[in-house]
Structure formats: C-alpha cells, structure tokens
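J.: got a predicted structure here, sequence first:
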Amino acid sequence: MTDAPKIAQRAPYPVEVEAGKSYFWCACGQSKTQPFCDGSHKGTAFTPVKVTAEEGKRMFFCGCKASAKAPFCDGSHSRL
C-alpha cells in the first residue's frame, strides 16, 4: 500500500447512525465495508477514525479520503 489512501468512491457515504454508538471510519480506503474499517489497514501507517454519534441522524462520511474534515465529507471529491 502507498502513503496515499485509496479513493473508495468519489461521493460521500450517507449513513443513518445510532445515538451512543461508536463507528470507525476507514482512512486507508482498502476496507471492503466502506465507509467503515474492516482492519485492512493493518501493517500500514493508516489508523481508523473513531466517531461516537451523539444522536441518531444521517451523517455523510467521506468516500474519497481527501476531506479536510475527515471522517466527514467536505466536498473534496468534486475537485479530484
């Protein structure tokens, strides 16, 4: 794996999150369970990002792995 993450998709992942539940966003782009980590980063410098939902709602997780507001989408995919 290179130093740059793999672009999983050029759009955000809309996810209905549950209040109080923790989620681990995939930072490497290799996970088969996007946008969440499945351990594919093992042996690399990448680390998943933990998010604990304060309330149940829809959140938009970054799919391109280029967001400055990771793990959330900031529209960076439109500039790739």
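T.: Yep, it's here.

J.: now do the strands in this structure.
T.: 13-17, 22-25, 49-52, 57-61 (DSSP state E).

J.: Throw the ones you listed into TSV and include mean neighbour count, distance to Ser76 and mean pLDDT, thanks.
T.: All C-beta atoms are positioned from the backbone trio N, CA, C, and that covers glycine. Putting these into TSV (neighbours: other CB atoms under 10 Å; distance: least, CB to CB, whole Å; pLDDT from 0 to 100) gives the following:
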stretch	mean neighbour count	distance to Ser76	mean pLDDT
strand 13-17	14	14	98
strand 22-25	17	15	98
strand 49-52	14	15	98
strand 57-61	15	12	98
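
J.: between those strands, which one is closest to Gly39.
T.: strand 22-25 (9.6 Å; CB to CB).

J.: tell me how far that closest one lies from the chain's centre.
T.: Computed by CA atoms, centre = their mean, to the nearest Å, the chain-centroid distance of strand 22-25 equals 8 Å.

J.: what's next to that strand, contact-wise?
T.: Residues from elsewhere that reach strand 22-25 (CB atoms under 8 Å, 6 or more residues apart in numbering): 15, 17, 35-37, 48-53, 61-62, 70-71.

J.: and of those, the nearest to Ser78?
T.: Among the contacts of strand 22-25, Cys62 lies closest to Ser78 (CB to CB), at 12.1 Å.

J.: any idea how far the nearest residue to the closest one once chain neighbours are set aside is from Gly56?
T.: Leaving aside its sequence neighbours, Cys62 sits nearest to Cys73 (CB to CB, 6 or more residues apart in numbering; 4.8 Å). From Cys73 across to Gly56, the span is 19 Å (CB to CB, to the nearest Å).

J.: ok, the two, which is more surrounded?
T.: Cys73 (22 against 11; other CB atoms under 10 Å).

J.: what's the spacing between the residue nearest to Asp38 when sequence neighbours are not counted and Trp25?
T.: Using CB to CB, 6+ apart and skipping residues adjacent in sequence, the residue nearest Asp38 is Ser31, 4.4 Å away. Ser31 sits 9 Å away from Trp25, going by CB to CB.
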